[in-house]
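Peer 1: predicted model follows, preceded by the sequence.
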Number of protein chains: 2
Amino acid sequence: MNVVNLIQKKRDGKAFTKDEIDFLISGYTKNIIPDYQFSAFLMAAYLKGMNKKETSYLTDAMLHSGKVVNLNSIPGVKIDKHSTGGIGDKTSLIIAPIVASLGIKVPMISGRGLGHTGGTLDKLESIPGFRTGLNLNEYKSVLRKCGAVLIGQTKEIAPADKIIYSLRDVTGTVESIPLITGSIMSKKLAEGIDGLVLDVKAGSGAFMRKTKDAENLADSLISTAKSFDKKVIAFITDMNQPLGNYIGNWFEVYESIKVLKGEVKNDLYELCLNLAGAMIYLGEKSKSINEGKKLAEEQIKNSEAFSKFIEIAKLQGGKVDYINHPEKYPESKFVKKLTADKSGFVKKIDNFQVGTASLELGAGRKKLGDKIDPKAGIVFKIKIGDKLKKGDDIAELHSDNKLKNDLAARMLSDAITFSNKRPIRPRLIKKIIS
Amino acid sequence: MNVVNLIQKKRDGKAFTKDEIDFLISGYTKNIIPDYQFSAFLMAAYLKGMNKKETSYLTDAMLHSGKVVNLNSIPGVKIDKHSTGGIGDKTSLIIAPIVASLGIKVPMISGRGLGHTGGTLDKLESIPGFRTGLNLNEYKSVLRKCGAVLIGQTKEIAPADKIIYSLRDVTGTVESIPLITGSIMSKKLAEGIDGLVLDVKAGSGAFMRKTKDAENLADSLISTAKSFDKKVIAFITDMNQPLGNYIGNWFEVYESIKVLKGEVKNDLYELCLNLAGAMIYLGEKSKSINEGKKLAEEQIKNSEAFSKFIEIAKLQGGKVDYINHPEKYPESKFVKKLTADKSGFVKKIDNFQVGTASLELGAGRKKLGDKIDPKAGIVFKIKIGDKLKKGDDIAELHSDNKLKNDLAARMLSDAITFSNKRPIRPRLIKKIIS
């Protein structure tokens, strides 16, 4: 096979065979195909697309660039959840213990935050001592002992994804549905799962701003999961405003504790019940998603979910004292309050801007290697549709730097649009596809 | 400016500003933008196109990556011709002396052969002693003395073209009209010309197989030339069969001598009169292309054109003894005759295959650096529409290797389709655009 001919084939809109995709992916992973040819292929694939078969072949080639974990020796159905990422999205921390407390195995390999959205690993690591860098043996051991485990991607898992993503990032080829599908699914399939619940976000704080694009991505992810004989359910959910009311690493652990204890019943709680309900259904512990939701609610009420969270944290080295007594956690030196400078309804939130403001406070990374301040973040007190009077609270900004608080407050203030007419509140769950 | 943003801009089908194109081209030429980003840009430009303004900016940026020759100190209008290349296309050797003999200056910077088409430099170098590697001072000096000069591209001329072309060649981004236009026009404009005649070939032996594609390329070349205030005329000409009857380096010099002496009046002669006529018109020595053609014919009849050819060859170091006595030129060790194995009309010629057969004989290069046999080649004795009887001559194959002659003969034989019905002969000149 000849690389130039393959680039031309995709450039001319033709579909690849399995062998051709294997040749490209293994050639690039093994450093036989140079960056400049692979980036031309990526741009051709971005602009000409790849059909469902090709996307499945791509996923397979990326998956087999590394190790595929075998969890057969651990009893129980293994179900994971993947979210495409959003502002204040801490559902993994809540649903993993809920679902595991019902005897379903939840093996989760997550990412770090980069840019305006946070990462599950950074949130977990705000719990002192919590280790996300377990190796694959430790991963299996924790999963066997308590039914859930949350770690970061190891070098053995889909190495092709890491190098392809790095190239996509600098060549304008990130936002491609088949390439995103290959990236997500190769990592998820490597975990050793039987089924997967997908949370595909749509809106101003999401990767996919338009619901239609989110649906297309969900379709591609679903068809790829099915081609590997995995059970799958996808939710299209709203990301036009932060999920829950806390943004920032420890802040999100804090809100997760509140939800797990049944002390908060907001949009975050509602979405967690849905996602957990679908995982419970795929894990064969309920006959429907709705029945699964009820079981999930019950696990919160009877404290089983919170106990499971403590158990997971302990097994992964976390100091659970802070989980039991969050009031002991260190606080930021400065808190700035943002209040409404006029009356009216909250009409629109530029949620990307909210994420960027939180980044500015030190809650995220602008570039790889940046240090995160675990206690920095935003308490976001409004939702679209709320009626505010002049002087009402909008948000609290927490950080160790007064100037950063001021800057972030200005960004937040710019991100919010008011109107005199009552707007329609966005629907949290736009669609469920399976 | 940010390279990724620019790649995304072209990927999304938006048009670049002059500053953006300058940034990309100078950044790549100066090795600041890496290959893998430039190749993603090239693929995006290939698939999304570039408008006429962008193509002109691109040409300008590539042109100014090197030296632009100033010929103001040399009196007379300076007119060149560019052909997109074909089998047996030796018109430069014939029209340069015709046009120069009328007092028009003809500064020609040409290329070498690669793949199935030959190159003017290789043809000229089959004349022992002929130097095509003149520096820019020698180039001006020869032009001043005899009114024409034929050299190869120097390192000072449009260096961006060389490095961009190398990358296009390995990333499937060669056949793009704006990129081809930038490549051709940046080199031609660097010569210091006032006007340009374009010979854009269409057919089975041409870069552009379809006439429509050739017209689109001609349109792009014309609009770019005009944006630089250059006078321009384009011919769309047929390349469904070899031009003239000789293919191979010395063979083509030989046929050029025949035409310059008025001894051959075939399709090659006809095309040369047209191209020279247009150059004479642009050079302000005639009131129309037709009047130019008549003047060109006259220069052949009165031997002025042939004398000029001798003069140019002498000034560039060529042994003119071979030009005056071509029968003295060394001959290939083996000659194979190909004859018709049945009766019928010549219906179709796979002209690309004819070029490849000549390459096989040693008349061209399969890869950069291959050595050429100047005396090898094909005497091609038929034209589409000819009626042949079984046993009639089709071609003679000349080389120093019997096996190569056999192989090339088989290739030629496969390249020709016969029919019982008289086919329509292709029109040599399909269109003249200005």
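Peer 2: Yep, that arrived. Residues are numbered from 1 along each chain as shown, chains lettered A, B, ... in the order given.

Peer 1: roughly how far apart are A:Ser332 and chain B?
Peer 2: Look at A:Ser332 and chain B: by CB to the nearest CB, to the nearest Å, they are 33 Å apart. All C-beta atoms are positioned from the backbone trio N, CA, C, and that covers glycine.

Peer 1: list the contacts of that residue.
Peer 2: A:Ser332 sits next to A:Asp373, A:Lys375, A:Ala376, A:His398, A:Ser399, A:Asp400 when contact means CB atoms under 8 Å, 6 or more residues apart in numbering or on different chains.

Peer 1: name the helices or strands packed onto the strand or helix carrying A:Ile236?
Peer 2: In the assignment (DSSP states H and E), A:Ile236 maps to strand A:231-238. When contacts are defined as 3 or more CB pairs under 8 Å, 6 or more residues apart in numbering or on different chains; DSSP states H and E, strand A:231-238 packs onto strand A:195-202, helix A:211-227, helix A:267-282, strand A:429-433.

Peer 1: and for it, what's in contact with it?
Peer 2: With CB under 8 Å, 6+ apart, strand A:231-238 has contacts from A:79, A:194-203, A:211, A:214-215, A:218, A:221-222, A:225-226, A:271, A:274-275, A:278, A:281-282, A:289, A:426-434.

Peer 1: pull out the buried members of the residues you listed.
Peer 2: A:79, A:194-203, A:211, A:214-215, A:218, A:221-222, A:225, A:271, A:274-275, A:278, A:281-282, A:289, A:426, A:428, A:430, A:434 (16 or more other CB atoms under 10 Å in any protein chain shown).

Peer 1: and chain B, which of those residues contact it?
Peer 2: For chain B, no contacts are drawn from these by CB under 8 Å from any CB of the partner chain.

Peer 1: quick one: name the residues of the stretch 51-200 of chain A near chain B.
Peer 2: Counting by CB under 8 Å from any CB, the residues of the stretch 51-200 of chain A near chain B are A:Leu167, A:Asp169, A:Val170, A:Thr171, A:Gly172, A:Thr173.

Peer 1: burial measure for A:Asp169, as a count.
Peer 2: Using other CB atoms under 10 Å in any protein chain shown, A:Asp169 has 13 other residues around it.

Peer 1: A:Glu156 - how many residues pack around it?
Peer 2: For A:Glu156, the count of nearby residues is 13 (other CB under 10 Å).

Peer 1: ok, back up a step: format the helices and strands packed on strand A:231-238 as a markdown table; extra columns: distance to B:Lys336 and mean pLDDT.
Peer 2: As requested, these are exported to a markdown table (distance: least, CB to CB, whole Å; pLDDT from 0 to 100):
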| stretch | distance to B:Lys336 | mean pLDDT |
| --- | --- | --- |
| strand A:195-202 | 67 | 98 |
| helix A:211-227 | 56 | 98 |
| helix A:267-282 | 73 | 98 |
| strand A:429-433 | 68 | 97 |
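
Peer 1: of all those, which one is nearest B:Leu359?
Peer 2: With CB to CB as the measure, helix A:211-227 is the member of the helices and strands packed on strand A:231-238 nearest B:Leu359 (45.5 Å).

Peer 1: packing partners of the closest one?
Peer 2: helix A:52-63, helix A:177-190, strand A:195-202, strand A:231-238, strand A:429-433.
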